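In: Just a sequence and a predicted model for now, questions to come.
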2 protein chains.
Amino acid sequence: MDTAAPLSPTDRSTVRRGSKRARSDRADLYAVLDAGLIGHLGVQLGGAPVVLPTGYGRRGDTLYLHGSTGAATLRAAAASVPVCFTVTHLDGIVYARSAFHHSVNYRCAVVHGTARLLDDPAERLLGLEVLTEHLAPGSWSATRLPDRKELAATAVLALDLAEASVKIRTGPPGDDDRDLPAAGTPDPVWAGVLPLRTVAGEPEPCPRLPAGTPVPGRVRDRALSPSA
Amino acid sequence: MDTAAPLSPTDRSTVRRGSKRARSDRADLYAVLDAGLIGHLGVQLGGAPVVLPTGYGRRGDTLYLHGSTGAATLRAAAASVPVCFTVTHLDGIVYARSAFHHSVNYRCAVVHGTARLLDDPAERLLGLEVLTEHLAPGSWSATRLPDRKELAATAVLALDLAEASVKIRTGPPGDDDRDLPAAGTPDPVWAGVLPLRTVAGEPEPCPRLPAGTPVPGRVRDRALSPSA
């Protein structure tokens, strides 16, 4: 897909509420997806929606999802039914002068489509590599690769980034003028943003690791995105 | 509802995959919900699921959701159709000795039900108070309360916590014994957990706030949960 292709080509992926927060650049979609570690997969199951956290990875305009072949949502998502996959970063709490204008700063990508269950061995392995490297960069080459039994137990799905929307809120509260103090007078209500971000703590070695095993750079120097 | 009532009373809220990670205490459900700031609401809309980030607040066994009366997902969720509301905290990246056993530590609450659109003015106001205080404790009494026009523009929904499941993963990777080094020999692959948490940065005052306006304790001293 042309990376210059705009987003929101369809009715359901057109942002209507708060459309000033909508972004139409594919680069924004990539940035929001690449900065996350898990998304929320929605699928209709037995007449009701089910939303579950799901790992993912992106390569070009393909999103890879995976899970146990026994997971009902994964099985449902693999059955050529429409799914929705959403990745959200919470960037701050917006304190306003009115309860109504309280809000959050966030970045959110919503992908609509029909997932494809991969059966080609090479494509499945590629999908798992993309997924593993998204979660833990450097791990695919540093660890034992999946064997036949592990591959058989894993469903790998592909979702095209053909139909997606991105919404981003940044900046201060959008208070009404009527709630601002007269010029030169103090404001009785603090307003602003409490920024939030995700940070990594000290790596915790597996208890079965021999004492003194050094923490590799792929873990120690991991640069987290502003919000994971 | 009796707080001692166990979770998972129904087929769809019974955790099947990774059932050793399932929790059946209502206190676990409360803890996961109370530690979050946004959840993901799933609703079937035009024949396809839509999953959007949504603010919420809990009072007893009622979850309040809100949004613009113009938002299609909120309108759909208010129409007595089944919805799913999921709150997930990502607590760590689990590095294993095999690609297959890579995982994440997380806490996740999944609520199934049919949302009720509130029309009683007192209940709507209560819902908004719960929502505001969940997002920004102390803000309901410190800021201007919603006026008639703002109330009319806001849909407030209630979702009972009658049918829910909680799943929590903690601890080190679950490597196979075959991937461990022989006793007394070094392990060529580091394994363990990179813990993640959400932290608040320095409050950013609204540019329209007079210089020197002090940051109130409700913002400055805000204690974030381990992962927001």
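Out: Sure, I can see it.
In: Touching, residue A:115 and residue A:159? I think so.
Out: Yes. Residue A:115 lies in contact with residue A:159 (C-beta atoms under 8 Å); the separation is 4.8 Å. Heads up, the C-betas are built off the backbone N, CA and C, glycines and all.
In: Tell me the residues that contact both of the two, please.
Out: A:65, A:83 (C-beta atoms under 8 Å, 6 or more residues apart in numbering or on different chains).
In: Leaving out sequence neighbours, find the closest residue to residue A:94.
Out: In this structure, residue A:94 finds its nearest non-sequential neighbour in residue A:103, 4.1 Å apart by C-beta to C-beta, 6 or more residues apart in numbering or on different chains.
In: And the residue nearest to the spatial centre of chain A, its phi and psi?
Out: Chain A has residue A:87 as the residue nearest its centroid, 2.9 Å off, counting by C-alpha atoms, centre = their mean. Note on residue A:87: its backbone torsions stand at phi -120, psi 130 [degrees, to the nearest 10].
In: and what of the one 10 residues further on?
Out: According to degrees, to the nearest 10, the main-chain angles of residue A:97 amount to phi -80, psi -10.
In: do the one 5 residues further on as well
Out: Geometry field for residue A:102 lists phi and psi as phi -60, psi 140, criterion degrees, to the nearest 10.
In: what residues are up against it?
Out: With C-beta under 8 Å, 6+ apart, residue A:102 has these contacts: A:94-96, A:173, B:132, B:135-136, B:139, B:143.
In: Could you dump those residues into JSON lines with neighbour count added?
Out: Listed next are the contacts of residue A:102 as JSON lines, based on neighbours: other C-beta atoms under 10 Å in any protein chain shown:
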{"residue": "A:94", "neighbour count": "25"}
{"residue": "A:95", "neighbour count": "30"}
{"residue": "A:96", "neighbour count": "24"}
{"residue": "A:173", "neighbour count": "20"}
{"residue": "B:132", "neighbour count": "23"}
{"residue": "B:135", "neighbour count": "21"}
{"residue": "B:136", "neighbour count": "24"}
{"residue": "B:139", "neighbour count": "23"}
{"residue": "B:143", "neighbour count": "24"}
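In: Just the ones of the residues you listed in strands?
Out: A:94-95 (DSSP state E).
In: out of the contacts of residue A:102, who's nearest residue B:35?
Out: Using C-beta to C-beta, residue B:135 is the member of the contacts of residue A:102 that sits closest to residue B:35, with 13.1 Å.
In: Residue for residue, what is the longest helix chain A has?
Out: Counting residues, the longest helix found in chain A (DSSP state H) is helix A:121-135.
In: Next, see if that one gets close to chain B.
Out: Yes. Using C-beta under 8 Å from any C-beta of the partner chain, helix A:121-135 reaches chain B at A:128, A:132, A:135.
In: next structured bit after the helix or strand hosting residue A:105?
Out: Using DSSP states H and E, the element containing residue A:105 is strand A:103-114. Using DSSP H and E, the next helix or strand after strand A:103-114 towards the C-terminus is strand A:116-117.
In: from the middle of its chain, how far away would that next one be?
Out: Relative to its chain's centre, strand A:116-117 lies at 20 Å (C-alpha atoms, centre = their mean, to the nearest Å).
In: and what of stretch A:128-148?
Out: The answer for stretch A:128-148 is 19 Å, by C-alpha atoms, centre = their mean.
In: List just the nearest of the contacts of residue A:102 to residue B:205.
Out: Proximity of the contacts of residue A:102 to residue B:205 (C-beta to C-beta) peaks at residue A:95, which lies at 9.6 Å.
In: Surely the closest one is in contact with residue B:136?
Out: Yes. Residue A:95 lies in contact with residue B:136 (C-beta under 8 Å); the separation is 5.8 Å.
In: shared neighbours, the two?
Out: A:102, B:219.
In: Which positions in stretch A:190-201 come out as buried?
Out: Of all the residues in stretch A:190-201, those buried under the rule 16 or more other C-beta atoms under 10 Å in any protein chain shown are A:190-198, A:200.
In: again with stretch A:158-170
Out: Applying 16+ other C-beta under 10 Å to stretch A:158-170 flags A:158-169 as buried.
In: Relative to residue A:208, which of those is nearest.
Out: The nearest member of the buried residues of stretch A:158-170 to residue A:208, counting by C-beta to C-beta, is residue A:158 at 34.7 Å.
In: angle of the helix or strand where residue A:42 lies against strand A:103-114?
Out: Element membership for residue A:42 (DSSP H and E) is strand A:38-45. Interaxial angle, strand A:38-45 versus strand A:103-114 (axes from the mean of the first three to the mean of the last three C-alpha atoms, to 10 degrees): 50 degrees.
In: which other helices and strands contact strand A:38-45?
Out: Using 3 or more C-beta pairs under 8 Å, 6 or more residues apart in numbering or on different chains; DSSP states H and E, the elements in contact with strand A:38-45 are strand A:48-59, helix A:72-77, strand A:82-95, strand B:38-45, strand B:48-59, strand B:82-95.
In: With only the CA atoms kept, save the third one in PDB.
Out: Extracted in PDB, the C-alpha atoms of strand A:82-95 (Å, rounded to 0.1, in the frame of the first residue of the first chain):
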ATOM      1  CA  PRO A  82     -15.300  -8.500  10.900                       C
ATOM      2  CA  VAL A  83     -13.000  -7.600  13.700                       C
ATOM      3  CA  CYS A  84     -11.900  -4.300  15.300                       C
ATOM      4  CA  PHE A  85      -8.400  -3.900  16.800                       C
ATOM      5  CA  THR A  86      -7.700  -0.800  18.900                       C
ATOM      6  CA  VAL A  87      -4.400   0.500  20.400                       C
ATOM      7  CA  THR A  88      -4.600   3.400  22.800                       C
ATOM      8  CA  HIS A  89      -2.000   5.400  24.700                       C
ATOM      9  CA  LEU A  90      -3.000   7.500  27.600                       C
ATOM     10  CA  ASP A  91      -0.800  10.500  27.700                       C
ATOM     11  CA  GLY A  92      -2.200  12.700  30.400                       C
ATOM     12  CA  ILE A  93      -5.100  13.700  32.600                       C
ATOM     13  CA  VAL A  94      -6.700  17.000  31.600                       C
ATOM     14  CA  TYR A  95      -7.900  19.100  34.500                       C
END
